[in-house]
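Asker: Quick one, what's the 3D model for this:
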Amino acid sequence: SPMRELGLANCAELSARHYSSVFAIDVDPTGNHCVSGSSDGDVRIIDIGAQSIVSKRGVSVLHSWKPFQGHAVHSLAYAQNLLLVAGLSCEAKLYDSEGRKQLGATPRGDMYLQDASKTSGHGAHTTKALWRDPASIDTFSAHFLTIGLDSTLRIWDSNRITNKANSGAQVRVIYLRKLAARGQRAVPQSVAVERSGGRLTTIGCDDGSLRVYDLNTRIDDPIQSAPRAIDLGAEFSSLACAADGHTILARSSDDSLRVWDTRNLISEIACFRDLPCTVSSGAVQLAYAEHLGDAWFATGTTCRRQRRAEEPTESSRLVLFNSKALKKASEIIFPESAGSSLSLSWAAQLQQMLVGFADGSLRLLNSDNHGNPSKFHSYSEQNPVTSSSHNNERHAPHQQLIRKKPMFGPSKPD
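Answerer: Numbering: from 1, shown residues only. A predicted model of the protein is given here:
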């Protein structure tokens, strides 16, 4: 099956969990550690390496801290030995790979200045942060991008930030305006960068537009744009860029996932519906299977609450698509108690996928021969994770997951 081909046949829950919803997750380049951030502002470095020492309580939390004084964390990204952290703050911060030392932070902008492009930093909190090219740290790849509610895209030089040279840390600012109404600000909701070189970046804005910018030029106007890329009134939840550099996936709150070609944004290539997304921007992520040449991509869904009490609640799912045929291939249905699946991270080094949920839990999808089973709370073989193919089977509640042993860590309040 596609899940077994990807090495995602098994699902196990990590014993380390957050107190609130997990909005961001990433795996370090070595594959030994993962970092997760939650809506209560807590960031944790978790040891998931197969050869590491594991405590009796399960996976080991190496470090935990609150970088923004309790404000929610929405972006976490590794690049070699650096960790980029951003949340509901005007700043984005850089840490060492273990999160124990803050190496620098972007400066705060003047929130009272009308022209946000003239400030040295964001004047309102950021909505997304990511590396321009995380594969290596040199030249352009030392840069990272942030977008914020001040309607700007900002490019930063991580070398100057870590050297405390904030005067030249901001490399470029692009002020975003609505395409249909000249002069009015457009608030960016999500961003994705071309993964080979970081030349092109795609931004989804609150006016429903999708824009492509060339970062190697000094022109602030988009080279391609789609004025209405999603349904009226919907918001962009996340964007992801394929390895080919021109295929973009856009997740939005109209319960859809659209596939675009940035070379021609007249119309989408494909549109997948019935994928519930009822969360705010930046909470549902996309993941590519790079080791299979982008043959598959996946997205999570949120729980869908029914209006009538007698109607069952639709549990969250991980839906897998074939990027060549542009068809739904398979899906995994998670337990209702986990709530919505809010974040995804594909660990190419381990061929595993980490999923963060609204109840604060983290689940690892892997094959039989990956990872150390003693680190995770496994599920009964009589009640495995429900996996269905594209025939949209309905599954009874008794087919959902149950734990063999009680969950360690904090319990949910009554």
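
Asker: What is the burial count for Ile120?
Answerer: One correction, residue 120 is Ser, not Ile. 16 (other Cβ atoms under 10 Å). In short, each C-beta sits where N, CA and C put it, glycine included.

Asker: swap that for Ser316, please
Answerer: With other Cβ under 10 Å as criterion, Ser316 counts 25.

Asker: where does this structure have its least confident helix or strand?
Answerer: Scoring the helices and strands of the chain by mean pLDDT, DSSP states H and E places strand 376-377 at the bottom, with a mean of 32.

Asker: Contacts only, for the closest residue to Arg172 other than its chain neighbours.
Answerer: Leaving aside its chain neighbours, Arg172 sits nearest to Ile155 (4.4 Å; criterion: Cβ to Cβ, 6 or more residues apart in numbering). For Ile155, the contacting residues are Arg132, His143, Phe144, Leu145, Gln170, Val171, Arg172, Val173, Leu215, by Cβ atoms under 8 Å, 6 or more residues apart in numbering.

Asker: Run the chain-centre distance for the strand or helix carrying Trp156.
Answerer: Secondary structure from DSSP states H and E places Trp156 in strand 152-157. With Cα atoms, centre = their mean, to the nearest Å as the basis, strand 152-157 stands 19 Å off its chain's centre.

Asker: Following element in sequence after that strand, please.
Answerer: helix 158-162.

Asker: List the buried residues for that next one?
Answerer: Buried positions in helix 158-162, judged by neighbour count with 16 or more other Cβ atoms under 10 Å: Ser158, Arg160, Ile161, Thr162.

Asker: what are the phi and psi values for Arg251?
Answerer: When read as degrees, to the nearest 10, the backbone of Arg251 gives phi -100, psi 140.

Asker: Give the closest residue to Ser151 in space, chain neighbours not counted.
Answerer: Nearest non-adjacent residue to Ser151, counting by Cβ to Cβ, 6+ apart: Arg185, 4.0 Å away.

Asker: need the contact list for the one you found.
Answerer: Applying Cβ under 8 Å, 6+ apart, the residues contacting Arg185 are Ser151, Leu176, Arg177, Lys178.

Asker: okay, those in CSV with neighbour count, secondary structure and distance to Ala24 next?
Answerer: Output for these, formatted as CSV (neighbours: other Cβ atoms under 10 Å; DSSP: H, G, I helix; E, B strand; the rest coil; distance: Cβ to Cβ, whole Å):
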residue, neighbour count, secondary structure, distance to Ala24
Ser151, 22, coil, 23
Leu176, 25, coil, 23
Arg177, 16, strand, 28
Lys178, 18, coil, 28
